[in-house]
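*Asks:* Sharing a model that was predicted from the sequence below.
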Amino acid sequence: MPQDSAPPLPRDTPPAPPAGRAVAALRPASGAAFDWLDTARAERRRAGLVRTLRPRPADSPLLDLAGNDYLGLARHPEVTRGAAAAAHRWGAGATGSRLVTGSTELHARLEADLAAFCGFEAALVLSSGYTANLAAVTALTAPGTLVVSDAGNHASLIDGCRLSRARTEVVPHADPAAVRTALAGHRGRALAVTDAVFSVDGDAAPLAALADACRSRDAALLVDDAHGLGVLGDGGRGAVRAAGLAGDADVVATVTLSKSLGAQGGAVLGPARVIEHLVNTARSFIFDTGLAPAAAGGALAALRLLGREPSRAARVRRVARDLHARLTAAGLTAARPDAAVVSVRAPSPEAAVRWAADCRAAGLAVGCFRPPSVPDGISRLRLTARADLTDAQIAAAVRTVVATAPAA
């Protein structure tokens with residue numbers, strides 16, 4: 001019988017053991033190893049902290065104020081064409097790690113354009129903003145290094161601190177004096193890490209004052225500008241550039257390509273010698289497959305579009321301020337937005353979940369932040385402004401949030 005026409009083995013036929021090797025009988029599988037999961041699930045339900053996946057259709061009828069597509073570029077024809085063209089030319093995947101086969105000319109162009117747009121000497125693209133933060137924190141520290149971390153930092157910075165094996169001191173939120181005090185008691189290498197815009201309340205870090213505190217002790221400053229790129233600074237060039245720190249010898253920034261640029265991936269920006277060090281030492285770069293060409297092509301197209309249409313950044317800030325003004329005028333408690341995130345407080349985790357569900361039932365998608373995602377333990381709805389929202393959509397969103405608000 002020809003090889004390609006051999007009948008398949010029955011489904012219950014076990015694979016043959018290697019020649020000359022006896023197969024030991026296995027004990028029956030038991031679920032006892034994971035029985036603790038049932039207890040953990042019950043505890044989550046009691047606390048109102050159950051999370052579920054909700055796949056969305058391509059043509060969702062919901063008005064989206066939950067995602068991070070700040071500039072409305074994820075479906076922009078120019079961006080999707082850039083992604084599609086990259087996939088056609090370079091393939092569906094990068095085929096390997098960046099140091100093997102996963103670096104293409106497209107990645108190099110994206111890195112050069114990102115660095116120039118944000119005002120840094122060099123850039124390194126990774127597969128996500130999360131891995132970019134892990135790379136930067138772990139590669140720039142070592143046992144004996146002091147890392148001073150803001151209490152409101154994103155989980156990726158926190159995990160970077162945990163993996164770094166450095167000594168980490170968590171300081172009060174957005175407090176340069178506390179950073180200065182923490183650094184004053186340390187001799188040796190030190191790194192302060194902070195979000196540029198904090199993802200829970202949307203407030204901006206005092207970057208210039210933090211840089212001054214670092215320079216008083218020759219410490220480096222690492223800024224996660226995920227929520228600043230495309231929103232803050234001249235034409236959306238980011239919070240670090242707006243603070244006058246881009247390109248400085250002691251400042252490193254990370255960005256994500258999945259928010260304002262509507263694609264996927266992340267990058268580290270900084271002095272060329274920092275980027276060279278990451279290429280050689282950052283494990284989440286070295287041992288990870290390179291960013292897919294489609295994501296790189298889409299991000300590059302979005303970056304170039306933003307360069308031609310800088311007013312998108314100012315528009316998204318205006319939308320955020322408008323949302324905040326209308327919500328607070330209606331009696332809700334909302335944090336003043338410094339960028340595109342508008343945070344509205346809820347009385348409890350359960351109330352936040354119900355509120356978000358009621359908004360969804362009324363045609364509006366909003367974010368729902370609960371412990372442990374919020375460092376202060378306060379549950380919130382999180383609305384994200386978009387540059388492409390119309391005035392009518394803004395008004396409709398506010399009406400829905402107000403109409404469905406739980407009693408205080």
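*Replies:* Cool, got the structure.

*Asks:* Start and end of stretch 280-289, how far apart?
*Replies:* 15 Å (Cα to Cα, to the nearest Å).

*Asks:* Could I get the full set of helices for the stretch 201-350 of the chain?
*Replies:* Using DSSP state H, counting those that start in this stretch, the helices of the stretch 201-350 of the chain run over 207-215, 239-242, 272-281, 283-286, 293-308, 311-329, 349-361.

*Asks:* Select, out of these, the one closest to T101.
*Replies:* The closest of the helices of the stretch 201-350 of the chain to T101 is helix 293-308. By Cβ to Cβ, the value is 11.9 Å. Bear in mind the C-beta positions are built from the backbone N, C-alpha and C, glycine included.

*Asks:* Any buried residues in the closest one, and which?
*Replies:* 293-303, 305-306 (16 or more other Cβ atoms under 10 Å).

*Asks:* picking that back up, highest mean neighbour count out of the helices of the stretch 201-350 of the chain?
*Replies:* helix 239-242 (a mean of 26; mean count of other Cβ atoms under 10 Å).

*Asks:* any idea of the mean pLDDT for it?
*Replies:* For helix 239-242, mean pLDDT is 98.

*Asks:* Also stretch 156-165?
*Replies:* 97.

*Asks:* Output that stretch in PDB with nothing but the alpha carbons.
*Replies:* What follows is stretch 156-165, C-alpha atoms only, in PDB (Å, rounded to 0.1, in the frame of the first residue of the first chain):
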ATOM      1  CA  SER A 156       4.600  44.800  34.300                       C
ATOM      2  CA  LEU A 157       6.900  47.200  36.200                       C
ATOM      3  CA  ILE A 158       6.100  45.400  39.500                       C
ATOM      4  CA  ASP A 159       6.900  42.000  38.000                       C
ATOM      5  CA  GLY A 160      10.100  43.400  36.500                       C
ATOM      6  CA  CYS A 161      11.100  44.500  40.000                       C
ATOM      7  CA  ARG A 162      10.400  41.000  41.400                       C
ATOM      8  CA  LEU A 163      12.400  39.300  38.700                       C
ATOM      9  CA  SER A 164      15.300  41.700  38.900                       C
ATOM     10  CA  ARG A 165      16.700  40.300  42.200                       C
END
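
*Asks:* What helix or strand is the nearest residue to R162 once chain neighbours are set aside located in?
*Replies:* The spatial neighbour of R162 that comes closest, neighbours along the chain excluded (Cβ to Cβ, 6 or more residues apart in numbering), is T168 at 7.6 Å. Assigned by DSSP states H and E, T168 belongs to strand 167-171.

*Asks:* Just the residues contacting that strand, thanks.
*Replies:* Outside strand 167-171, the residues that touch it by Cβ atoms under 8 Å, 6 or more residues apart in numbering are 144-151, 161-162, 178-179, 181-182.

*Asks:* how about 10 Å then?
*Replies:* Outside strand 167-171, the residues within contact range by Cβ atoms under 10 Å, 6 or more residues apart in numbering are 137, 141, 143-153, 158, 160-162, 177-183, 185-186, 188, 190-194, 375.

*Asks:* Wait, a helix at A174?
*Replies:* No: residue assignment for A174, taken from DSSP: H, G, I helix; E, B strand; the rest coil, gives coil, which places it outside any helix.

*Asks:* Skipping adjacent residues, who's closest to the most centrally placed residue in the chain in space?
*Replies:* For the chain, G129 is the residue whose C-alpha lies nearest the centre (Cα atoms, centre = their mean; 5.0 Å). With sequence-adjacent residues excluded and distances taken as Cβ to Cβ, 6+ apart, G129 is closest to T256, at 3.1 Å.

*Asks:* So what sits opposite the one you found in the bridge?
*Replies:* T256 has these beta-bridge partners by DSSP bridges: G266.

*Asks:* That one: what's it in contact with?
*Replies:* The contact partners of T256, by Cβ under 10 Å, 6+ apart, come to 68, 126, 128-130, 132-133, 156, 224-227, 229-230, 263-267, 299.

*Asks:* before we move on, back to that, does the residue nearest to the centre of the chain touch A263 like I think?
*Replies:* No: counting by Cβ atoms under 10 Å, A263 is not a contact partner of G129; they are 11.2 Å apart.

*Asks:* Give me the common contacts of those two.
*Replies:* With Cβ under 10 Å, 6+ apart, G129 and A263 have common neighbours T256, L257.

*Asks:* what residues go with each domain of the protein?
*Replies:* The record's domain parsing of the chain by automatic domain parsing lists 57-74+310-403, 77-308.

*Asks:* any chance of the ones you listed in TSV, plus distance to W36?
*Replies:* Listed next are these as TSV, based on distance: least, Cβ to Cβ, whole Å:
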stretch	distance to W36
domain 57-74+310-403	18
domain 77-308	22
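
*Asks:* most tightly surrounded among the ones you listed?
*Replies:* Ranked by mean neighbour count, those are led by domain 77-308 with a mean of 21 (mean count of other Cβ under 10 Å).

*Asks:* So what would you say the end-to-end distance of it is?
*Replies:* Using Cα to Cα, the two ends of domain 77-308 sit 15 Å apart.

*Asks:* One more: stretch 70-80?
*Replies:* One end of stretch 70-80 to the other measures 16 Å (Cα to Cα).

*Asks:* nearest to A74, of the helices of the stretch 201-350 of the chain?
*Replies:* Among these, helix 293-308 comes nearest to A74, with 8.3 Å by Cβ to Cβ.

*Asks:* Show me what that closest one is packed against.
*Replies:* Counting contacts by 3 or more Cβ pairs under 10 Å, 6 or more residues apart in numbering; DSSP states H and E, helix 293-308 packs against helix 77-90, helix 105-118, strand 122-126, helix 311-329.
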